[in-house]
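Undergrad: Structure for this input, please:
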Amino acid sequence: MKLRTPRYYADFVCIADRCKDNCCRGGWQIEVDEETFEYYKSQKGPFAGELLAALVSDGDSCYFNNSKGECPMLDEKGLCRVYQEMGEEHMGTVCTQFPRFSEYFGDVKETGVGLSCEEAARLIFTGKLEDAVALTTSESDEEVYDDPEFEEDLAEAVFTLRSAYMAQLANKNHPFGTTMAAVLLHANKCQLLINAGDYEAVLNEARQANALVEVDSFYSAQLETLLPAGAVSSYGSRNLELVEPFTRLENYSDAWEEEMSLLSDFLGREPMLTGFATQMTDFERSLNGGEREDDYRKFVEYLLFRYMAGTCYSHDLLENVKIAAVFYLLLRLMDMCRAKEKKAFMFEDRMEIIHLFSREVEYSDENMEMLREELMFDECFKTNSLISALTNFEFRVI
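TA: Have a look, this model is predicted:
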C-alpha cells in the first residue's frame, strides 16, 4: 500500500494539554470502537472500573460520557489517563487517529489532518503555499484492500484533474475568485462526461488541463466560455442566500449560532446598495498580495485534497468542487464581517474562525449531508450562481 499525504502532514504533532479547545474537550462525542471496548471490559482493577464507569453503551455505539463538556478520563493537567495507564495501543481508534482523516483508493491510502484541530490549522496556515499543494507518496505496511466499487480508470482521471486544479489555484498570476470560477466551470464540463460514463474522455480533459496549467493557459482557456451577462452587482443578496443554509445547521456551540447571526445581520443591512460593494472591494483590496489571500489558497487546496478524491466512489466531481467554492465564499464573508466588527483582522481571528467552521461543518456528518443536499437543489448553489458570486458579476455558461 502507498501512503499519499500533503507535504505538511509529516510535521504534525499533537500538542495535547497546550491546545485551547482540544478534541478531548468542548463537548465532542468521543466514540470507542468495539475491539477497544471489549479490551476494556476484560480488564480488572480500580482504573478499569473507573474507565468502564465513564463509558456509555447504547448497543449500537460506545462513547465516553462527556456530560461535563470534556472526556472524563483527563487528569488535572488535561492529559489522557488511558494513555498513561494502558499505553497508546489501548486507546480507541478515534483517539489515536484524530484529527487525521484517511480514505483508500485501490493501492493508495490518502491521509491528511483536519482544520478542526488548532495545531493542524496553525501548521497549514503558517506553512508555505507549496506545502499545501505538493503531495508526498511513501510506502506503507498496510495490505491492499480489493474494493469492487473502486474504478481505476475514473480514479486516474480524478487524481489528474485534482493535480491540475490545485496547481492552477496556487498560481498567483490571476485573481483567485475568478480562477476558482474557471476550475468550477471545467469541473462542470467533466461532470457531464462522468455522467455519460466516458472516463477516457474525462482523463483526456484532465491531461489537457494539466498541460494548460503547465504553460499558464488554463485560466485564459476557461475565461473564453465565461461571458458577462451584465455588470449588475448583487453582492449582498446573493451572499445572504449563500449563508442562509449555514444558519440552519445543527449547532454544536453557541459561538457558531452567534457568528451566523452576526453575518446574516451584516449582509442584510444594505444588500443591494453600493455601501456593501464598497466594503467588499476595500476588503478584497486589503487582501491583494497579502498573507490572508494565501490563506484562501491554502484553504481551498486543503478542501480539494480532502473531498475531491471522493469522486472515485460518489461520481460527483462537480459537487466536491462546489464544496471548495462554497466553503471559500463563506470563509471570505465571515472574515469580512469579523474585520468590519472589530476594525481589524489578526491571525488569532483566522484560527478562531477556521476552527469554528471546521468543527461545526466538516466534522458533523449530519450537517455535511444537509449541505450536500443544498448543493444539489438550492438555486444559489447552481454552477452559474456560484460563478457569479466568485467573480462578483453575472456570468452565463455556454
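Undergrad: Which helix or strand in this structure has the lowest average pLDDT?
TA: Lowest by mean pLDDT, DSSP states H and E among the helices and strands of the chain is strand 395-397, with a mean of 44.
Undergrad: List the buried residues in the longest helix belonging to the chain.
TA: Ranked by residue count under DSSP state H, the longest helix found in the chain is helix 317-342. For helix 317-342, the neighbour count (16 or more other CB atoms under 10 Å) marks 317-339 as buried. C-betas here are computed from N, CA, C, even on glycine.
Undergrad: Could you do stretch 97-108 as well?
TA: Buried residues in stretch 97-108, counted by 16+ other CB under 10 Å: 98-99, 104-106, 108.
Undergrad: Just list the residues touching the closest residue to residue 238 other than its chain neighbours, thanks.
TA: Distances taken as CB to CB, 6 or more residues apart in numbering place residue 389 nearest to residue 238, at 5.4 Å, with adjacent residues excluded. By CB atoms under 8 Å, 6 or more residues apart in numbering, the residues touching residue 389 are 238-239, 242, 329, 380.
Undergrad: next one: residue 386
TA: Residue 386 makes contact with 181, 184, 322, 325-326, 329, 380, according to CB under 8 Å, 6+ apart.
Undergrad: which pair in these spans the largest distance?
TA: By the measure CB to CB, 181 and 380 form the most distant pair in the contacts of residue 386, at 14.9 Å.
Undergrad: Neighbour count: those two, which is higher?
TA: residue 181 (25 against 20; other CB atoms under 10 Å).
Undergrad: my guess is the more buried one meets residue 384, correct?
TA: No: if you go by CB atoms under 8 Å, residue 181 and residue 384 don't touch, sitting 10.2 Å apart.
Undergrad: got the phi/psi numbers for the residue lying farthest from the centre of the chain?
TA: Distance to the chain centre peaks in the chain at residue 45, reaching 42.8 Å (criterion: CA atoms, centre = their mean). In this entry, residue 45 is assigned phi and psi values of phi 110, psi 170 (degrees, to the nearest 10).
Undergrad: can you pull the pLDDT of it?
TA: Turning to residue 45, the model gives it a pLDDT of 89.
Undergrad: what's the domain layout of this structure?
TA: Listed by automatic domain parsing, the domain ranges of the chain are 24-97, 150-398.
Undergrad: how close does residue 183 sit to residue 171?
TA: Per CB to CB, to the nearest Å, residue 183 is found 11 Å from residue 171.
Undergrad: out of these two, which sits in the more crowded spot?
TA: Between residue 183 and residue 171, counting by other CB under 10 Å, residue 183 is the more crowded of the two (26 against 14).
Undergrad: Contact partners for the more buried one?
TA: 165, 168-169, 222, 321.
Undergrad: Among those residues, name the ones in strands.
TA: Among the contacts of residue 183, DSSP state E puts none in strands.
Undergrad: related to what we said a few turns ago, what is the orientation angle of the following helix or strand past the longest helix of the chain with helix 317-342?
TA: Downstream of helix 317-342, the first helix or strand assigned by DSSP states H and E is helix 347-357. For helix 347-357 against helix 317-342, the angle by axes from the mean of the first three to the mean of the last three CA atoms, to 10 degrees is 140 degrees.
Undergrad: Roughly how far does residue 147 sit from residue 103?
TA: 11 Å.
Undergrad: Then residue 84?
TA: Going from residue 84 to residue 103 by CB to CB gives 32 Å.
Undergrad: avg pLDDT for the helix or strand harbouring residue 295?
TA: For residue 295, the element it lies in under DSSP H and E is helix 291-307. Averaging pLDDT along helix 291-307 yields 90.
Undergrad: Just the buried positions in that helix, please.
TA: Those would be 292-307, for helix 291-307 by 16+ other CB under 10 Å.
Undergrad: Can you give the contact residues for the host helix or strand of residue 123?
TA: Applying DSSP H and E as the criterion places residue 123 in helix 118-126. Outside helix 118-126, the residues that touch it by CB under 8 Å, 6+ apart are 8, 11-15, 19-22, 99, 113-115, 132, 295, 298, 302, 347, 350-351, 354-355, 358.
Undergrad: Determine the next helix or strand in the C-terminal direction from that helix.
TA: helix 129-133.
Undergrad: buried ones in that following helix?
TA: For helix 129-133, by 16+ other CB under 10 Å, it's 131-133.
Undergrad: Can you tell me which residue is spatially central in this structure?
TA: In the chain, the centroid-proximal residue (CA atoms, centre = their mean) is residue 303; its distance is 4.1 Å.
Undergrad: what's the spacing between the closest residue in space to that residue that isn't next to it in sequence and residue 121?
TA: For residue 303, ignoring the flanking residues on the chain, the nearest one in space by CB to CB, 6+ apart is residue 324 at 4.1 Å. The gap separating residue 324 from residue 121 is 17 Å, by CB to CB.
Undergrad: now swap in residue 375 and tell me
TA: For residue 375, the distance to residue 121 - CB to CB - is 24 Å.
Undergrad: next one: residue 327
TA: Residue 327 sits 14 Å away from residue 121, going by CB to CB.
Undergrad: quick one, the longest helix of the chain and helix 291-307 angle?
TA: With the same axes, to 10 degrees defining the directions, helix 317-342 sits at 150 degrees from helix 291-307.
Undergrad: Report the mean per-residue pLDDT for helix 317-342.
TA: The average of the pLDDT scores along helix 317-342 is 92.
Undergrad: And for stretch 181-197?
TA: 94.
Undergrad: Relative to the whole chain's centre, how far out is that stretch?
TA: Distance of stretch 181-197 from the chain centroid (CA atoms, centre = their mean, to the nearest Å) equals 20 Å.
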